[in-house]
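>>> here is a sequence together with a model predicted from it:
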Amino acid sequence: MINSTPSIHTTVRRATNGTRFGLLLVLSSLFLLGGLGLDALAKPKGKSSVPRPEPDLKILTLQAAPMPYRPQDGPFHFIATVQLPKEVDEQLMLEVSALVTSSSMTSLRFLSIRQPVNEHVQTDPSAAGETPRKHVHVDLVWDGLDHNKQQVPVGSYEYEVRVKLLSNGEKGQRTQMLSWPKRGKFVVQN
């Protein structure tokens, strides 16, 4: 009787004498498919990373009203109080924008308003020796229509409001400073 299976010694020899690249490829594929990338081998960052400081341009308060919203009763308002940096170029433009999206992302609307930075500025009293901080109050109005100019359906919606300082350049307006966004949710009813 002829033995058709190779001996164990031959099989081991083929594996060690064969390409190790194939074995390495299989192991690396299993490693990556297992959810571990090469980042897992990198040195962990730990607590040495420093959080980014909040920018000088801030949304101090944001009021979204009325809650709940009924489009037949009138517009929805995003009323923001914006704190400007201590020193700001008077030629900059202030842009306040809001993105309103439905939970399913089928209905959305982008709103924005731009005005000269020195328009409607109010100065807060400051402590002795400090530069007074300037504030701007902005009312961004939404008519309850989506990107197709259709009334939005009843449901849950999310919003994100941002503020930018823009400068005029050779190729149009460029962002000079951006605030951290303010987010929230509201309900549209009949």
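Alright, I've got the coordinates. Quantities reported herein were computed from a predicted structural model and do not represent experimental measurements.

>>> and V187, how many neighbours?
Applying other CB atoms under 10 Å, we find 12 residues neighbouring V187. Heads up, the C-betas are built off the backbone N, CA and C, glycines and all.

>>> contact partners for it?
Listed by CB atoms under 8 Å, 6 or more residues apart in numbering, the contact set of V187 reads M67, P68, Y69, G155, S156, Y157.

>>> now it: how far from Q122?
The gap separating V187 from Q122 is 32 Å, by CB to CB, to the nearest Å.

>>> so what's the spatially closest residue to Q83 that is not a sequence neighbour up against?
Counting by CB to CB, 6 or more residues apart in numbering, K58 is the residue found nearest to Q83 once chain neighbours are left out, at 4.5 Å. Listed by CB under 8 Å, 6+ apart, the contact set of K58 reads V82, Q83, V163, S179, W180.

>>> ok, for the third one, nearest residue in space, not its chain neighbours?
In space, V163 comes closest to S179 once its chain neighbours are excluded; the distance is 4.2 Å by CB to CB, 6+ apart.

>>> my guess is that neighbour contacts V136. True?
No: if you go by CB atoms under 8 Å, S179 and V136 don't touch, sitting 11.7 Å apart.

>>> can you check which residues contact both of the two?
V82.

>>> OK, contacts around P75?
Going by CB under 8 Å, 6+ apart, P75 touches V141, W142, D143, G144.

>>> any of those residues buried? List them.
W142, G144 (16 or more other CB atoms under 10 Å).

>>> are any of the contacts of K58 buried, and which?
Applying 16+ other CB under 10 Å to the contacts of K58 flags V82, Q83, V163, S179 as buried.

>>> tell me the one of these nearest P53?
S179 (12.7 Å; CB to CB).

>>> what's the pLDDT at that closest one?
On the pLDDT scale, S179 is placed at 93.

>>> from S167, how far off is it?
Counting by CB to CB - S179 and S167 are separated by 16 Å.

>>> buried members of the contacts of V187 into PyMOL, please.
Buried residues among the contacts of V187 (16+ other CB under 10 Å), as a PyMOL selection:
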select buried, resi 69+157
